[in-house]
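K.L.:
task: produce atomic coordinates for the following.
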Amino acid sequence: MGAVTERAPKQDRSRATRQRILEAAVACLAEHGWSGSTVAVVCTRAGVSRGAAQHHFRTREELFTAAIAHVAEQWLTAVRERARALPREGPDRTYAVVDMLVAVHTGPLFRAALHLWVAAGEEEALRPRVTALESRIGREAHRLAVDVLGADEGRPGVRETVQGILDMARGLGLANLLSDDSARRGRIVRQWSRMLDAELRATAQG
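P.N.:
Prediction:
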């Protein structure tokens with residue numbers, strides 16, 4: 001019994017260390033980009049030894065793709081929780097959903113992911129991991145958007161409309177990288193939410 005009791009705290013510490021490393025990796029990517037985000041820099045930020053990092057992640061590529069996947073899962077969970085507090089229906093709900101989807105594309109997760117995506121274009125060892133990760137996150141984000149909008153993808157044009165909103169959110173995230181684009185972004189989000197609400201209502205009635 002004592003061995004089991006001792007093992008549990010050790011596993012808890014291991015999980016906590018792993019999470020610190022992942023969160024430090026995302027923060028480093030967002031702030032320093034791929035070239036400035038070495039394993040040593042991440043370890044310093046996380047307050048762990050290099051050996052501790054290598055215990056959890058064998059390579060730099062494994063570390064950073066795992067970091068983005070970890071934070072993306074946290075974001076998906078948080079959005080699902082936030083969705084419960086949104087207006088139940090009507091244009092106010094549509095606006096709130098679009099605003100929520102755009103918000104994640106202007107935050108540190110998107111900035112970190114973008115650095116990883118760009119690096120994958122140059123780093124052969126990184127590309128397969130990032131391609132698979134981007135595909136999975138894209139599918140999950142699309143499924144989440146459909147769920148919170150209550151959209152019926154069985155109707156013509158609805159899937160493309162929802163995907164268009166996600167593509168628009170990504171474009172707004174890119175526009176925000178070099179300067180504060182919040183004023184223009186707010187007007188665009190309002191207009192897109194009106195268009196999306198009208199489209200969803202039209203397909204529901206048709």
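K.L.:
switch to C-alpha atoms for all contacts and neighbour counts from now on
P.N.:
OK.
K.L.:
what is the mean pLDDT for stretch 75-89?
P.N.:
When pLDDT is averaged along stretch 75-89, the result is 76.
K.L.:
off-centre distance for the helix or strand hosting Gln19?
P.N.:
Assigned by DSSP states H and E, Gln19 falls within helix 2-32. Between the centre of helix 2-32 and the centre of its host chain there is 20 Å, according to CA atoms, centre = their mean, to the nearest Å.
K.L.:
helix or strand right after it?
P.N.:
If you walk from helix 2-32 toward the C-terminus, the next helix or strand you reach (DSSP H and E) is helix 39-46.
K.L.:
elements contacting the lowest-mean-pLDDT helix or strand in the chain?
P.N.:
Within the chain, no helix or strand scores below helix 2-32, which has a mean of 81 by mean pLDDT, DSSP states H and E. Identification of packing neighbours for helix 2-32 by 3 or more CA pairs under 8 Å, 6 or more residues apart in numbering; DSSP states H and E yields helix 39-46, helix 50-56, helix 60-83, helix 108-122.
K.L.:
for those helices, which one sits closest to Arg201?
P.N.:
Of all the helices and strands packed on helix 2-32, helix 60-83 sits nearest to Arg201, with 19.6 Å by CA to CA.
K.L.:
just the CA atoms of stretch 143-156, as CSV, please.
P.N.:
In CSV, the C-alpha atoms belonging to stretch 143-156 read as follows (Å, rounded to 0.1, in the frame of the first residue of the first chain):
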residue,chain,number,x,y,z
ARG,A,143,-16.9,21.1,-35.0
LEU,A,144,-17.0,23.5,-32.0
ALA,A,145,-18.2,26.4,-34.1
VAL,A,146,-21.0,24.3,-35.6
ASP,A,147,-22.1,23.2,-32.1
VAL,A,148,-22.1,26.6,-30.5
LEU,A,149,-23.9,28.2,-33.5
GLY,A,150,-26.5,25.4,-33.7
ALA,A,151,-25.8,25.2,-37.4
ASP,A,152,-27.3,22.4,-39.5
GLU,A,153,-24.5,21.3,-41.9
GLY,A,154,-26.9,19.1,-43.7
ARG,A,155,-28.2,22.2,-45.4
PRO,A,156,-26.4,23.5,-48.5
